[in-house]
Structures are given as C-alpha cells and as structure tokens.
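J.: Model the following, please.
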Amino acid sequence: MSTINPAQTQQQHRFRATEQFLAPPTKEKREQAGYDIYPCFTATGPIHAGFDSLLTWILQRRANIIIDGYVGVQWEDFISALQTRLAALQTNARFVNVNTALIPAADRDALVASSLGNGDPLFGKVFDGQLSDFFSPEKLRDIRPENGQLNILYGCGASLCGWDGALLYIDLPKNEIQFRSRAGQVCNIGHHSISGDARQQYKSFYFVDWPVLNRHKKALLPSVELFIDEQRLSEITWCEGDTLRNTLREMSRNMFRARPWFEPGVWGGHWIRENIAELNPNVVNYAWSFELIAPENGILLEHEGLLQEISLDTMLMLDNTAVLGKAAPRFGNTFPIRFDFLDTFDGGNLSIQCHPSVPYTRDNFGEPFTQDETYYILDAKPGAKVYLGFRDDIDATAFRSALENSVEQHQAVDIEKFVQVFPSHRHDLFLIPNGTVHSSGKDNLVLEISATPYIYTFKMYDWMRTDLNGRPRTLNIARAFENLDFDRKGDVVRETLLSAPVTIQQGPDWRLLHLPTHPQHFYRIERVEFSSAVQLETGNQCHVLSLVEGERIRVLTNGREQVVHYAETFIIPAAAGAYTLLNDSGEEVKVVRAFVKEECC
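T.: Numbers count the residues shown, from 1 in each chain. Here you go, the predicted structure:
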C-alpha cells in the first residue's frame, strides 16, 4: 500500500475524525499476500491525477463548466485549488456557487420534517422527494452564464440550473463522508451551516441526503463527461465519463470486489487487526469490516497504477439488470444482500437486540424490506457462544420489566434467564429472521450474511456499557417489543434457527452444500467445498461469495482471472453467466455464496 505523505496527514487531521488510513492514490506492489484492503478493477481507459491535468481538460473545452457532486465534498477548498492555478496562468474565470439558490433553512426543515422530525435520535423515514425540492426555481433560473468568459458553476445540484456546457461530477466514498462529518466538516443538503451532532447528521444522510442524491446521480450518469474522486484533495484522481461507464459495464460481467472499510466499536475485538496486515494497528479495535454494504461501499478502478473510487451503487444505476439479473425487477437499484464481519475476539458481547418486521419497516421507515440476518461463524475460540431465541419459559412481561429496571436502576440483567445460548463453532450458521432476539457473544468472528438494510437494530440490553466516547448507547426497548416474536423459544429455536447443511451436488473432488435459511429469508446460502476446480453458473442471479476456508483461490469469469484471499468477499454479477473457482493449494477450500431465492425474485 502507499504511505501517507505529509499533505495527506495534514488533510486527515483537518477533515477526518478517524484513525483509518486514507485510501492511497496509487496501487503499489503489495509486500505480502493475503487480504487486500484496496481491491481494484482495471479500467478500460486512462485515469488522471491532480488539479493541473484537470484544469488542462477544462481549458481545452472552452465551454461553460458545470461541476455537480455528492454531499460531503469540500467545495470551497476544491474551487480554491482551481482558482489558484487559474491565477498562476493569468486566466480569468467566473465561479458561481449553486447554493445561492437554496430555499431558506426554515423551509428546508419543514420539507424534511416528515422524514427527520420524529425526535428519534437514530431512525427516520426515507424521503421521497427530489434534489430540486431544496432549491428555489426562480433563483435557479436567475443563475446564468456570462458571455465572453469561462463560467464555472459548482455545488450539489449545479446541473439543475440547466446550463449548456461540460458536466463534471465529484464523488466521495460514504466512509469518508462520515469521517468528515465527525470532524465537523460537512453540511447536509439544504443546510447553510455545519451541524454539530454527527449522529443527527448521519440520520439526515441515510434518510434524506443519500436517497435524494442517488436519484439525482442516476439521472446525470449518462451525460457526465468527467468523474472526479475528491477524497484526497491534495491528490485528486479523475477519468472521463465514457471510461467510467465502459468500465462499469465490464465489471457487471466479471467478478469484482468492493472496497471494504473498517470501524471500531465498544464490543470490538482483535481478529481483524491480527489477520489483515494493511490496517492501522493503532486503532483501539476493529468491531466491523463492511465487506459489502452496497449503499456505503465504493469500488476502486485502476489504470497504470492510479486509483479512482466510485460508489458501488453507481453500477446499479447504470445497469441493474446486468448486476442483479432476474432479481432486478424486485430490487431496482438496491443491492439486496449484505456481507460484513463482526469481530468480538477478546472483545465483548454484542447488545441483546432484534430487527423489525417487513410491515413495521415499511410503515415506519419507508424501506421496502427488512434486516433479516444470519450469523456464519468464520472463526471462534473455544467456549464462544451465540444468544438466539427465548427460553421455553419466557415471560414477556418479566423480561421487559427486567430491561426497563436495568435502565432506571443501572442494574445488570441475567440475560440467560430469558434468552437461549448456543455454542458456536467454525462454519456454523445461525438464522435470525426479523423479530428474533439475538446477539453474538465474545470470541466470535461472525460473517453476517443479511438483507441489505443495516441500521435497524433495536437494542434492548447493552451490558451496562457506554460507547467509545463515554456516552450511553441508545436503547430501543419499546420498538423491540413491538417486533419480538415470543413464539421463537425452546425447541422451536433449535429446530428452525440452527441451519443443518445438506449436500445437493458433488463430483470427484468437490461438493455443493445447501445451508437452509428460514422461510422469511429471501436469500439462499450454499457452500462449495473443492480441492482443484469447480465450475458454477449464475443462473441469471447475482452471487455474493466469501472464501471461508483456505489461503487463496483464483476466480475466472469471461477470460478474466482474479485472485481471492481468505476472508475476502467478492461478487459475481448475473451477466457473468458462468464462473470457475480454481484451487492450486493441494488442500480443500470452502467458499460460501448467497443469492436471492428463485421464488423471491
């Protein structure tokens, strides 16, 4: 990986509240094999670096320039860099900020009140409006280019002014948006000043900003002439629109990996830090690896060593059918399946929690489907356990009373009086349909295979802990009790929520196992175990896979071969058609895959 230079370090302290490394601008030769935190896909055309090359492109156009982009972009710093270089060239330009056309702050707050104004610190309802709703139509019409000079219009929504000219788009990874938010460097859409509460700002990101900007970005995608990756203001990278669109089309027919990102947490452990060499070892712990949470992950493009990141969901905006196949009509531009790691090795228990039903999620949060989960145990220490379902003698009233008393009196709860406990071992699969009480105990490395919604966790008990900043963690006892299924208790849990693998196909040195999920899960899980090679078909479905045992494999799609290491998650789009997994280690390896059930497409 690339080292962080002094300019990057200064930028990190100014813009980013995190110890995570800033993604490098170049892909250098890796010092050792193993998990790659910067996986990339070769672009079909050039990637360029720096403001000088960008300005050369702009000046060659001799046209009006419209620079649109995502929330979190440091617009004034970006524009200042262009102005400084133009001044050095003694070239004049007129810069116009589209924010001058924003509606008043009070009108903005009224606009989003139904999505954000419920007083809940975590959950809102997905806003169904458009970016244009945040602007005054009259003020947008009044922003006009002046003849006889270079006009540069910029800001989120700049294209709404309807100028004729070259359209540029600045993208920013969502992890960087959150790091900048925590550093107090970000305004939400329509805000004229920076919010001081990162949690409230994230709520606005999730329920308002990201949905609105994704709709806007999808509409612009075919006409953008140049895409810019702004996460390193000192070392921007960019490519032309046709390069990005052609590369995404190529990706949608071949295996690729999303760029994972990592977060510490109060219960976080040390498996990730000890097994992924390129991470910052000085972070207090790593609770999560966001392997594939499509609304937040990016994908890295590479050309002659230069890297550029684009949001993963851009692929679905361009061609969701190529990616999702027969599941596209149901899920649209939403990637349906999520893979992430929960690391409690030498850490702590997760909170006792549950997730909402589909009707509750739809009615309260505006999401079309809910957070049905599974825990696949990638690794576990002796004595590790999972909390799942209620004891047979559960008394719902007594359980709620114990939880509420714990909050009021700050007293510990003997959870095992109410919730069942099961030992966890490598390759176990625990099923967690919505409404099921559950938690991972300490000393597990859980591969969480789930439906994509990822914030709807109703915590009931959190072991008397504060968060890493010393603040109480938010509990959602009332919401949980509106969703808990108290019939998931006793033997029902063992019979319906502990998956038992069944071999469904096999050959001389391979076998395919079905790991049955619950009827409420819309996705199917299988495991491929093989010693040399196995050929598989997508069946016009998108497959999400992870190497769960073995050092490395090679994956072949449409003549393109790529390497996957242990614990890495990868995607085979539906349009790939067929793929081959190759193993030259001499030892059997295991790969888990998940895809939407046929009956759920």
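
J.: only C-alpha atoms for contact and neighbour calcs from this point on.
T.: OK.

J.: burial count for the nearest residue to A380 once chain neighbours are set aside?
T.: Distances taken as C-alpha to C-alpha, 6 or more residues apart in numbering place N444 nearest to A380, at 4.5 Å, with adjacent residues excluded. Residues within reach of N444, counting by other C-alpha atoms under 10 Å, total 32.

J.: residue contacts, N444?
T.: Neighbour list for N444: L342, D343, T344, F345, I377, L378, D379, A380, K381, A384, K385, S424 [criterion: C-alpha atoms under 8 Å, 6 or more residues apart in numbering].

J.: contact partners of the strand or helix carrying the first one?
T.: Which is L342. Per DSSP states H and E, L342 falls inside strand 337-343. Under the criterion C-alpha under 8 Å, 6+ apart, residues 268-272, 286-294, 443-452, 523, 544, 569, 594-595 lie in contact with strand 337-343.

J.: go on, stretch 279-292?
T.: Residues outside stretch 279-292 that contact it (C-alpha under 8 Å, 6+ apart) are 19-21, 37, 258-273, 297, 338-344, 568-569.

J.: do stretch 550-562 as well
T.: 34, 253-255, 547, 563-566, 576, 578-585, 587-590.

J.: what about 10 Å?
T.: Residues external to stretch 550-562 that are found in contact with it (C-alpha atoms under 10 Å, 6 or more residues apart in numbering): 33-35, 41, 253-257, 532-533, 535, 547, 563-568, 570, 572-573, 576-585, 587-591.

J.: likewise stretch 104-114?
T.: By C-alpha under 10 Å, 6+ apart, stretch 104-114 touches 102, 115-117, 124-129, 133-136, 189-193, 204, 207-208.

J.: give me that answer again for 8 Å
T.: With C-alpha under 8 Å, 6+ apart, stretch 104-114 has contacts from K125, F127, F134, G190, H191, H192, V208.

J.: ok, back up a step: how far out from the middle of the chain is the strand holding L342?
T.: For strand 337-343, the gap between its own C-alpha mean and the chain's C-alpha mean amounts to 10 Å (C-alpha atoms, centre = their mean, to the nearest Å).

J.: Repeat that for stretch 207-222.
T.: Computed by C-alpha atoms, centre = their mean, the chain-centroid distance of stretch 207-222 equals 16 Å.

J.: Could you do stretch 99-109 as well?
T.: The answer for stretch 99-109 is 29 Å, by C-alpha atoms, centre = their mean.

J.: Quote the end-to-end distance of it.
T.: Terminal residues of stretch 99-109 lie 16 Å apart, using C-alpha to C-alpha, to the nearest Å.

J.: buried residues in that stretch?
T.: Neighbour-count burial for stretch 99-109, counted by 16 or more other C-alpha atoms under 10 Å, picks out N99, A101, L102, I103, R108, D109.

J.: hang on, the earlier thing: return the subset of the contacts of stretch 279-292 lying in helices.
T.: Among the contacts of stretch 279-292, the ones falling in helices (DSSP state H) are W271, I272, R273.

J.: of all those residues, which comes closest to E495?
T.: Distance ranking of these against E495, using C-alpha to C-alpha, places W271 first at 30.8 Å.

J.: Chain neighbours aside, what residue packs nearest to that closest one?
T.: Once flanking residues are discounted, W271 sits nearest to F345: 5.7 Å by C-alpha to C-alpha, 6+ apart.

J.: What are the buried residues along stretch 407-417?
T.: V413, I415.

J.: Quick check: mean pLDDT of it?
T.: Stretch 407-417 carries an average pLDDT of 96.

J.: if I look at E482, how far off is P359?
T.: For E482, the distance to P359 - C-alpha to C-alpha - is 11 Å.

J.: Select only the buried ones of the contacts of stretch 279-292 in PyMOL?
T.: Buried residues among the contacts of stretch 279-292 (16+ other C-alpha under 10 Å), as a PyMOL selection:
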select buried, resi 19+20+37+258+259+260+261+262+263+264+265+266+267+268+269+270+271+272+273+297+338+339+340+341+342+343+344+568+569
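
J.: Separate out the buried members of the contacts of stretch 104-114.
T.: Taking 16+ other C-alpha under 10 Å as the criterion, what is buried in those is K125, F127, F134, G190, H191, V208.

J.: Could you work out the most separated pair of the residues you listed?
T.: With distances taken as C-alpha to C-alpha, the most widely separated pair in those is K125 and H191, at 18.8 Å.

J.: Out of the contacts of N444, name the ones that lie in strands.
T.: L342, D343, I377, L378, D379, A380, K385 (DSSP state E).

J.: does the last one have beta-bridge partners, and which?
T.: Spelled out, it's K385. P423 (DSSP bridges).

J.: the bottom helix or strand of this structure by mean pLDDT?
T.: helix 6-15 (a mean of 55; mean pLDDT, DSSP states H and E).

J.: Name the strands paired with whatever helix or strand comes next after that one and say parallel or antiparallel.
T.: Using DSSP H and E, the helix or strand that follows helix 6-15 towards the C-terminus is strand 40-42. Here strand 40-42 has these sheet partners by DSSP bridges: strand 298-303 (parallel).

J.: one step back: dihedrals phi and psi, the residue nearest to A380?
T.: Note on N444: its backbone torsions stand at phi -110, psi 150 [degrees, to the nearest 10].

J.: returning to what we had before: nearest to E367, out of the buried ones among the contacts of stretch 104-114: which one, please.
T.: Out of the buried ones among the contacts of stretch 104-114, the member with the shortest distance to E367 (by C-alpha to C-alpha) is K125, at 8.0 Å.

J.: I figured the closest one hits F365, correct?
T.: Yes: counting by C-alpha atoms under 8 Å, K125 touches F365, with 4.0 Å between them.

J.: Excluding chain neighbours, what is closest to G347?
T.: G269 (4.2 Å).

J.: actually A396, sorry about that
T.: F486 (7.4 Å).

J.: For the one you found, which three-state class applies?
T.: coil (DSSP: H, G, I helix; E, B strand; the rest coil).

J.: Could you check how far the residue nearest the centre of the chain is from Q200?
T.: The C-alpha lying nearest the average C-alpha coordinate of the chain belongs to E296 (C-alpha atoms, centre = their mean; 2.7 Å). To Q200, E296 is 17 Å away according to C-alpha to C-alpha.
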